[in-house]
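Visitor: With the sequence up front, the predicted model follows.
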Amino acid sequence: MPEIKSFTMNFGPQHPSAHGVLRLILELEGEVIVRADPHIGLLHRGTEKLAESKPYNQSIGYMDRLDYVSMMSNEHAYVMSIEKLLDIGIPIRAKYIRVMFDEITRVLNHLMWLGAHALDIGAMSVFLYAFREREDLMDCYEAVSGTRMHATYYRPGGVAKDLPLEMPKYEETKWKSKKDVNKLNEAREGTLLDFIEDFTNRFPKCIDEYETLLTDNRIWKQRTVDIGIVSKERALQLGFTGPMLRGSGVAWDLRKKQPYEVYKNLEFDIPIGTNGDCYDRYLVRVEEMRQSNKIIQQCVEWLKNNDGEVISDNNKITAPSRNEVKEDMESLIYHFKLFTEGYCIPKGEVYSAVEHPKGEFGVTLISDGSNKPYRLKVRAPGFPHLAALNEMVNGHMISDVVAMIGTQDIVFGEIDR
Amino acid sequence: MNSQNLTEKSFIEKNNFLKNLFKNNFTRYKCTFEDNDEVVFEGNDFLEVMSIMQNNNDIKFETLIDIIAVDYSDYGISEWNSKNANNKGYSRGIKKDSSGRYTYETSKTHFNQPRKRFAAIYNLLSVSSNERLKVKFYCEDDENPSLPTATSIWASADWYEREAYDLLGIVFINHPDLRRILTDYGFIGHPLRKDFPLIGNVEVNYDLDKERVVYQPVTIKPRVLIPKVIREVADKEDKNA
């Protein structure tokens, strides 16, 4: 028999299951991994440096582009840190809208994760089903902000606009017949809230569909059960948060433990795993989708019954309406100052964190009293997760690397910043 | 608003919290509160302080959430003197010498701050008792900033320290593998330092003759659309909750 020596292999950065631009240097002994050294930074855009040179509001759009599959959650942490330093409150309706879109974002993120993770381990069809539902949620993003992904919808002081009373509709084309269009538009006849409500009624059945494909699937279990086990103690040591930490059996969720916005008033449960392997993290995330669905339903109900402002009327922070600008000198001045200079924030340092779909997404903001952040530090949940990759893959087979990258829900926009 | 327990406590309560944490050793460590919610330690007790944080009986900070390295050299320096006006009107925000307007040749630090130039803020989280604490250490030497590594206490410190080294040039002594992490292979400089030009120093280009990617000095010019200005802050009366 020929002797197999250990050798070093390069994985990525252009590899479909590297989830973007991950480059791994793998040291192998036969098919067993001895060491994995992730090389990151191939998507580094210097968000933090750029933010230092711009007034506060102009960086909201950059936040979308950090974790580009859970856009609004990123914005949330950023605007929350500004609000905290300014010490301003936001209208209650804006809080509910934010929570609703945070949860829509969570579902969006988990669907993307589920599809990609399954595809990586060899299950093709889940991806197609997951993207069918993602399309509907993307439409909600579009209806509310005008864009499907990079919304820039949250603003310091609230959200940019109130929810629209009309959904955009499909039109008949060469490829879509009248009949198809009518069917597609059925749920879009009412307001955005009607559409979301309809979605939340349909969605649990869709999750059941994904679960029939995966949960008891023998191949799925062979690829995920007992793969990448992380104990409670190690998970905390390694700085895990979110589903990665909960998969290891630690009941930690910022929405429950340090509730922000209106999570206190909502009813939902926190799923946790027992073994801390890939399969547990899968189950945790699937259950989280069900819980998010419940939260969205509660928010829709509240929003249907309660009207009100969606953004603070403090015109030093938020833009006055077009009509006010035309009629009122003060408003014109505020408008001019806001768009030529921005607003100054009192000196100080704050940290604000949200329970992002991937874990704790935090923003540390240091202000020296000027109209630009002195230092902005983004705490991306994926960063410590990927740092633990070496420990997680150690001793596993080379094909498990892909399962591990999948289970960590890696997105390079946030890790590389 | 985020209800983080410690930040909402009064100064005395916070002090008591620390006294509780360090028990009899409290007076040994020189610590003060800065910006009201982070505790600043002075001296060389880094590893001692940190291991008490991570491993004591009352409040265990099991997780290191983040390390925030900061360069304070430009702190509180405005590009626009907004206070003085003379008969020619108000000043214009076009001061040439400020970060954001630097190029490779013109960059410099104007450092005359009361505090040290570099600091690292350790953002700690206690999952068991639901507390957060920010611990700050200043680097003694402004020229060659360094701190001991915390990797032996929290495993997650590994990459955070690599990042702080890469972007701000703080050297973490005894770190097992202190390489650059986010910037390019062979990168020179520390981008988040305030004297590093926003436009960068080099750009990449595909050279047709050499048939490979080449590095060359940047060809773009620095441009600041909105100058940095420090003003007395807006009244806080218009709060609406």
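Guide: Arrived safely, thanks for sending. For clarity, every value in this text was computed on a predicted model and none was experimentally measured. Numbering: from 1, shown residues only, chains lettered A, B, ... in the order given.
Visitor: ok, residue A:77 - contacts?
Guide: Under the criterion of C-beta atoms under 8 Å, 6 or more residues apart in numbering or on different chains, the contact partners of residue A:77 comprise A:63, A:352-354, A:356, A:361-363. In short, each C-beta sits where N, CA and C put it, glycine included.
Visitor: now the helix or strand encompassing it, how far from the centre of its chain.
Guide: When elements are assigned from DSSP states H and E, residue A:77 belongs to helix A:71-86. Counting by C-alpha atoms, centre = their mean, to the nearest Å, helix A:71-86 is centred 14 Å from the centre of its parent chain.
Visitor: Go through it and flag the buried ones.
Guide: Judged by neighbour count using 16 or more other C-beta atoms under 10 Å in any protein chain shown, the buried positions of helix A:71-86 are A:71-86.
Visitor: and if you look at stretch B:60-78?
Guide: Within stretch B:60-78, judged by 16+ other C-beta under 10 Å, the buried ones are B:60-75, B:77-78.
Visitor: Please tell me how far residue B:77 sits from residue B:230.
Guide: In this structure, residue B:77 lies at 8 Å from residue B:230, with C-beta to C-beta, to the nearest Å as the measure.
Visitor: follow-up on the earlier one: tell me which of the contacts of residue A:77 fall in strands.
Guide: Judged by DSSP state E, the subset of the contacts of residue A:77 located in strands is A:352-354, A:356, A:361-363.
Visitor: which ones are touching residue A:14?
Guide: Residue A:14 makes contacts with residue A:21, as judged by C-beta under 8 Å, 6+ apart.
Visitor: so what's residue 165 closest to, chain neighbours aside?
Guide: All of this is about chain A. Among residues not flanking residue A:165 along the chain, residue A:191 sits closest, at 4.9 Å (C-beta to C-beta, 6 or more residues apart in numbering or on different chains).
Visitor: looking at chain B here, not the other one
Guide: Here the residue nearest residue B:165, using C-beta to C-beta, 6+ apart, is residue B:178, at 5.5 Å.
Visitor: OK, contacts around the one you found?
Guide: Contacts were defined as C-beta under 8 Å, 6+ apart; by that measure residue B:178 touches B:161-162, B:165, B:171-172.
Visitor: Distance of residue A:191 relative to chain B?
Guide: Plainly put, residue A:191 is 26 Å away from chain B if you go by C-beta to the nearest C-beta, to the nearest Å.
Visitor: Would you confirm that that residue contacts residue A:144?
Guide: No. Counting by C-beta atoms under 8 Å, residue A:191 stays clear of residue A:144, with 11.2 Å between them.
Visitor: So for the two, which residues contact both of them?
Guide: With the criterion set as C-beta under 8 Å, 6+ apart, the overlap between the contacts of residue A:191 and residue A:144 is A:163-164.
Visitor: So for those two, which residue has more residues nearby?
Guide: Between residue A:191 and residue A:144, counted using other C-beta atoms under 10 Å in any protein chain shown, residue A:144 has the larger neighbour count: 22 against 17.
Visitor: Okay, now the unreliable bits of the chain?
Guide: Defaulting to chain A. Per-residue confidence of chain A (counting by pLDDT under 70) places the weak regions at A:1-4.
Visitor: right idea, wrong chain: chain B
Guide: Regions of chain B meeting the criterion pLDDT under 70 cover residues B:1-16, B:19-37, B:43, B:81-99, B:107-112, B:233-241.
Visitor: can you do 50?
Guide: Scanning chain B for pLDDT under 50 picks out B:1-4, B:234-241.
Visitor: circling back to that earlier point, my hunch is that the residue nearest to residue B:165 is in a strand, does that hold up?
Guide: No. The secondary structure assignment for residue B:178 gives coil rather than a strand, going by DSSP: H, G, I helix; E, B strand; the rest coil.
Visitor: for the nearest residue to residue B:174 once chain neighbours are set aside, what are its contacts?
Guide: If the residues on either side of it in the chain are set aside, residue B:174 comes closest to residue B:149, at 5.0 Å by C-beta to C-beta, 6+ apart. Residues touching residue B:149, when contacts are defined by C-beta under 8 Å, 6+ apart, comprise B:157, B:161, B:172-176.
Visitor: make it 10 Å
Guide: With contacts taken as C-beta atoms under 10 Å, 6 or more residues apart in numbering or on different chains, residue B:149 has the following neighbours: B:46-47, B:50, B:157-158, B:161, B:171-176, B:178.
Visitor: Now for the closest residue to residue A:338 other than its chain neighbours, how many residues are close by?
Guide: The shortest distance from residue A:338 to any residue that is not its chain neighbour, by C-beta to C-beta, 6+ apart, is 5.7 Å, and that residue is residue A:319. As a burial measure, residue A:319 scores 18 neighbours (other C-beta under 10 Å).
Visitor: Correct me if wrong: residue A:319 contacts residue A:325.
Guide: Yes. Under the criterion of C-beta atoms under 10 Å, residue A:319 makes contact with residue A:325 at 8.4 Å.
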